[in-house]
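# only geometry, no sequence info:
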C-alpha cells in the first residue's frame, strides 16, 4: 500500500492539534505515518489567535480571518484550557493570574508547539480555492492559491481535515434605516480598538460573548454610553452606570435607534455582535457541512466525521466552552481513525451515535447542562486514545464557577483566581482592578506584581 | 449545431453592456442567438454603482463588492460618459449640472436598461465559485453558489465573459507601527461616510482618485485636517487651508505619522487610498488575467480576448478615463465575435496587435496622451460594430478640459458646466458652491433650482 496523504486545511488551534497528534505518534515510534500537507491562508500559525490590524481583506485580497481586538483578555479562566502535558507552571515558571490578556495566553498555547517539527508541514499564504472528491479513485483533489508564487497548486489526498474555524465570516443582519445611519456600522469581526469609541454613544446588537466583552471593553476605555440590544434574552449582568440593555432594535431613523419596547436613543456608532456564519466557499455541496453554531452539529460522527464521506474530517466545529484541549481530543481521535487504530462503525451505527448525542443535547436546558454535555463529549474522545488524560470534569466545575463569577460582577470577574486542575497551583491575583489595567501587552502584563494568595480555594 | 451558451460573470456596468448588446441584436431580428446566463453576487444590477452600508463581508458572507460612499458626486463631467442613443435630455427632460451625485448618475445609467428584457438572464446572489475549461470538449464548467437556495449549481458554457470589475479588492500596504496606531485604519473601499471623521486629523495614504476625492469630502464635511501622503508625485492641487500633501509615510509611532522628509504629524484615523488588486479567486491559473491597473493590460486581444483562450473574454479591465460607453464598445465587439460577425485573426496577428497597442501605450507621457490613447482604442472598437457611433474624440476633449478645471480649483471644479457632445445642450449650473450642497440624494439634488446659462462654451 502506498503512503496515505492527508490535507489539513488551516493551521489554527485545530489544525495545529492535528499536526501535533501525528507528530506525537512519530515520536512514539509509529512507522509508515501518512504524508501531511497543511494549507494556511495567513502567514503564521495560530489562526484566530493572531491579532491583525487589518479588516475586510488581507494583503493578498483574502477575507481577514482574525476577529481579535486590542485589549482582549481571556474571557474564561485559563485553568479551563490547561493541558495536562504542558502546565502553566511549566510554561511561565511561576503562578500568574487566571485571566491573562490575549498575547499571554497565546504565548502559552504556542509554547508547547515544537515549531521545527511542525512548520515543515505548513504551506503559508495558501488559501484553499477548491476541493473535489473523485468517487472512483477515492481521492480528494485540493487546489490552493499560493500567494507567495502567484500560482495555484493542486494535489491529491486520501483524507481532508477541515480546520478553518467558524468565527471568521460575520453574520450581519439588516435593520431598517441602517443605510442612513450617520456613523460607523461594523461587525464585531472588524472591531479592533475600543479607543475609537471613547466619548461615544455606542449601540451593540446581540447578546452573546462578543456583546458582553465589547461592552466591557468600551466601558473600560471611556465610551460615553453602551447600549446592548438583545433579541430573546438579556445578558442580565449588573452593568455599571453608562451600560444598559434594551430589547430588540426595530429600526433606525437617522442616528436614533428605536427599540421594540417603544424607547429610543441616539447613537454615534453601531457594532453588530450578531455572530458568525459557517462558511466553506472552497467546498462543493456534497462535502460541505451545513450547520449553525451549537454544541453538536448534525452530520458529524463523533463531532468530526462527515456523514457520507468517511475521509472528510471537520475539527472544532462545535460552539465552545472547552477549546484547545477539546481540539486536541478530536485530533488524537481523528489520527487514530486515520491510522486504523480505531475502526469507524457501520453507517447506521454512526447515525445512531449522532442521534444519541443530539438527543442528549436537546435535553440540556441550562449552561451548566451544556458544560457537562461538552465535558461528556470530550471524555468519550479522550478515553478512546492515548491523549494524555486530563481532568475534564474538574475543568467543567471551574467553568460553572466562572458563570457565577460573571453574574456576581461582570466588570471584576477577571480578578478572580482558580486552582489549576493539573498542578494544583492557585493563580495569583491582579495587583489592581481589571478596569484599571489598560496595558494588554505580554511585557506589560508579565511585569505586573502579581499577588500571591494565602486563601484556600 | 446546437445553441451556443454564454456565461456572463457580473451584472455591473460591463456585464449589463454585454446583456444589452445581445438584446440589441435580438431586437434587430438576429435569430439563433446564444443562450445567456449572467451570474451576479449581489442582489441587484449595477455592480459598483450600488451603494451599500456594509463593509467587509455581505449578508451571504461574500466579500463586499461596492466601494461607493455617501456624498459621492461624479468626479468627471457627465458629458464624458453620455450615450449617443440615450441622451441626458431624454432621461432627465431638462438640463442638469455636469457633476451630479452618484444616485442621479446611476439613475441615468440604469434608465436606458429595459429591466424586463434584461433581468430574465440574471441569477442574483450567485457568486462564482470555480471555473474550469475542458480542452477536449471545448467547454467551460462554471460552478456558482446560489445563496437563495443554499446549494451550488454547475453548468457548461462555450464562452465565459468575465465582468467582475477590478475596484473591489483593496490593496492594503503595511507601514511599520500601523498595528499600534490607536485609531481606525481603513481602506478607501471601506470608507462610507465623511461625517465619521468630523473634527479629526486624517491621514490619507495614496495620490490618485480615491485620495483626491476622499480628501475633498472629508474637508467638506468638517475634518479638522487632512494630510495626503504620496509616494512619487503629489496630486499638486491648490488645497484649501486644512488640507496638505506630504511625501511618503515611512512609519507610525503611536498616533504620530513620520514622513520621508523628516516631518511628523499626529493623526486620529488613517485611510489607505492605495488602490485595488485584480482578484479572480474563481479562476484557475490558466484562465486568470494577471495585470495591474493600466490602460492596456497585456494578454488581452482588443483589450478583451484572453491570449490562449479565444472564448474567454474580459470586459472593463482597463483603467478608465472613459467608462460606460467604453464597456458598451467592448460588449458590442465581443458579441460580434461570438456571433461570428467578426473573425478573430490568427494567434500571431493577435499578439502583434496587442504589442502594437502596448507600444503606443508606452509612448504616452501625459494625461492628455492617455486620454487620446483610450479614445483611439474605443474608436477602433466602435468602428467595427453597429454600436451607435458617438463623438469619442469630442468627449476626449472634454476630459482634457476637466483636468484643467480640477487644477484650477479642486474644491470648485464640480461647479463647471460642459456642453453635451450628443445633443449640444449646455449643462445648468449648481445654485450654490459645491462645498455648500451637502444633500446628495436624488430627490435633494433634483429639487435644486439649477441655473440656466447664457454663456457660450
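Happy to help now that I have it. As the structure is a computational prediction, the values presented were derived from the model and not from experiment.

# contacting residues around residue A:236?
Contact analysis of residue A:236 by C-beta atoms under 8 Å, 6 or more residues apart in numbering or on different chains lists A:245, A:407. (C-beta placed from N, C-alpha, C; glycine too.)

# equivalent analysis for residue A:282, please.
Applying C-beta under 8 Å, 6+ apart, the residues near residue A:282 are A:9, A:127, A:128, A:129, A:130, A:131.

# can you report phi and psi for the residue in the stretch 351-457 of chain A positioned nearest to chain B?
The nearest approach of the stretch 351-457 of chain A to chain B comes at residue A:441, 9.7 Å away (C-beta to the nearest C-beta). When read as degrees, to the nearest 10, the backbone of residue A:441 gives phi -70, psi 160.

# touching, it and residue A:102? I think so.
No: assessed by C-beta atoms under 8 Å, residue A:441 is found out of contact with residue A:102, at 9.9 Å.

# of the two, who's got more company?
residue A:102 (21 against 15; other C-beta atoms under 10 Å in any protein chain shown).

# report pLDDT for the more buried one.
pLDDT for residue A:102: 95.

# what's the closest non-adjacent residue to the residue of the stretch 351-457 of chain A closest to chain B?
residue A:103 (6.2 Å; C-beta to C-beta, 6 or more residues apart in numbering or on different chains).

# so which residues make contact with the helix or strand encompassing that neighbour?
In this assignment (DSSP states H and E), residue A:103 forms part of helix A:102-111. Residues from elsewhere that reach helix A:102-111 (C-beta under 8 Å, 6+ apart): A:13, A:45-46, A:49, A:51, A:68, A:72-74, A:78, A:86, A:88, A:91-92, A:96, A:100, A:324, A:440-442, A:445-446.

# and what of stretch A:294-305?
In contact with stretch A:294-305 (C-beta under 8 Å, 6+ apart) are residues A:289-291, A:306-308, A:312-315, A:317-319, A:330, A:333-334, A:337, A:344, A:350, A:353-354, A:357-358, A:361, A:364, A:370, A:373-374, A:377, A:380-381.

# restrict these to contacts with chain B.
residue A:290 (C-beta under 8 Å from any C-beta of the partner chain).

# just the ones in strands from the contacts of stretch A:294-305, please.
Per DSSP state E, strands hold the following members of the contacts of stretch A:294-305: A:306, A:312, A:313, A:314.

# skipping adjacent residues, who's closest to the last one in space?
Spatially, and ignoring its direct neighbours in sequence, residue A:314 is nearest to residue A:162 (4.8 Å; C-beta to C-beta, 6+ apart).

# and residue A:305, how far from residue A:135?
According to C-beta to C-beta, to the nearest Å, residue A:305 stands 17 Å off from residue A:135.

# next: residue A:81.
From residue A:81 to residue A:135 the distance is 40 Å (C-beta to C-beta).

# just to revisit the earlier point, so can I have a markdown table of the ones in strands among the contacts of stretch A:294-305 showing neighbour count, distance to residue A:258 and pLDDT?
Output for the ones in strands among the contacts of stretch A:294-305, formatted as a markdown table (neighbours: other C-beta atoms under 10 Å in any protein chain shown; distance: C-beta to C-beta, whole Å; pLDDT from 0 to 100):
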| residue | neighbour count | distance to residue A:258 | pLDDT |
| --- | --- | --- | --- |
| A:306 | 20 | 44 | 98 |
| A:312 | 23 | 46 | 98 |
| A:313 | 27 | 46 | 98 |
| A:314 | 27 | 41 | 98 |
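
# rebuild those residues as TSV, extending it with distance to residue B:434.
Listed next are the ones in strands among the contacts of stretch A:294-305 as TSV, based on distance: C-beta to C-beta, whole Å:
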residue	distance to residue B:434
A:306	58
A:312	58
A:313	60
A:314	55
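
# got the residues of the stretch 1-150 of chain A near chain B?
So the stretch 1-150 of chain A meets chain B at A:51-59, A:61-64, A:129-130, A:143, A:145, A:150 (C-beta under 8 Å from any C-beta).

# cheers, nothing more for now.
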